[in-house]
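Asks: let me see the structure of the following:
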Amino acid sequence: MDHLQQKKKWKMRLRKQRGVRRRLQAAGGHPRLSVFRSSKNISVQLIDDSKSLTLAAASTLESALQDQMSGKTKTERATIIGSTIAERAKAAGVEKVLFDRGRFLFHGRVKALAEAAREGGLKF
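Replies: Numbers count the residues shown, from 1 in each chain. Model (predicted):
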């Protein structure tokens, strides 16, 4: 893949991500639960866009969660992260959020994280 193809692919990813965020901003009013998924890890942030402030965050890379993560599949790890962010959001006083999947499809690890966050008490 040459440089121009890589640049085009990157622009298309960014365009898709911005489209999702634009639709969420139209709904507005609540903090955004933003998900990032790499090939090995998953991380999530609870962001208040009106104040440009991160209220809570969780990731599979956190050393505090490593004992829970050992021996688990990537989907099981995403479920743990979902329940963790729900606990931290409630501690921050947030109950309703907008789910920002970014450029990632809502299936697999992203879906597992969302379902665990809903079971933890977050509403979206």
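Asks: and the most centrally placed residue in the chain, which of the three is it?
Replies: In the chain, the residue lying closest to the centroid (CA atoms, centre = their mean) is V35, at 1.7 Å. Classification of V35 by DSSP: H, G, I helix; E, B strand; the rest coil places it in strand.
Asks: quick one, what contacts it?
Replies: Residues in contact with V35 (CB atoms under 8 Å, 6 or more residues apart in numbering) are I42, S43, V44, F99, D100, R101, G102, F104, V110, L113, A114. In short, each C-beta sits where N, CA and C put it, glycine included.
Asks: give the buried residues for the lengthiest helix in the chain.
Replies: Ordering each helix of the chain by length in residues (DSSP state H) puts helix 3-27 first. Neighbour counts over helix 3-27 (16 or more other CB atoms under 10 Å) mark Q17, V20, R21, L24 as buried.
Asks: what do you get for stretch 103-112?
Replies: When neighbours are counted by 16+ other CB under 10 Å, the buried residues of stretch 103-112 are found to be F104, R109, V110, K111, A112.
Asks: if I look at the fourth one, how far off is T79?
Replies: In other words, K111. For K111, the distance to T79 (CB to CB, to the nearest Å) stands at 10 Å.
Asks: got it, and the last one?
Replies: A112 sits 5 Å away from T79, going by CB to CB.
Asks: by pLDDT, give me the weakest of the buried residues of helix 3-27.
Replies: Lowest pLDDT of these: L24, 76.
Asks: low-scoring stretches of the protein, by residue?
Replies: 26 (pLDDT under 70).
Asks: hmm, 50 instead?
Replies: Within the chain, the set of residues satisfying pLDDT under 50 is empty.
Asks: show me where it has strands.
Replies: For the chain, strands defined by DSSP state E occupy the ranges 32-37, 42-48, 53-59, 98-100.
Asks: quick one, which of those strands is nearest to K72?
Replies: Closest to K72 of those, according to CB to CB: strand 42-48, at 11.9 Å.
Asks: next up, the contacts around I85.
Replies: L33, V44, L46, A56, A57, A58, L113, A117, G120, L122 are the contacts of I85 under CB under 8 Å, 6+ apart.
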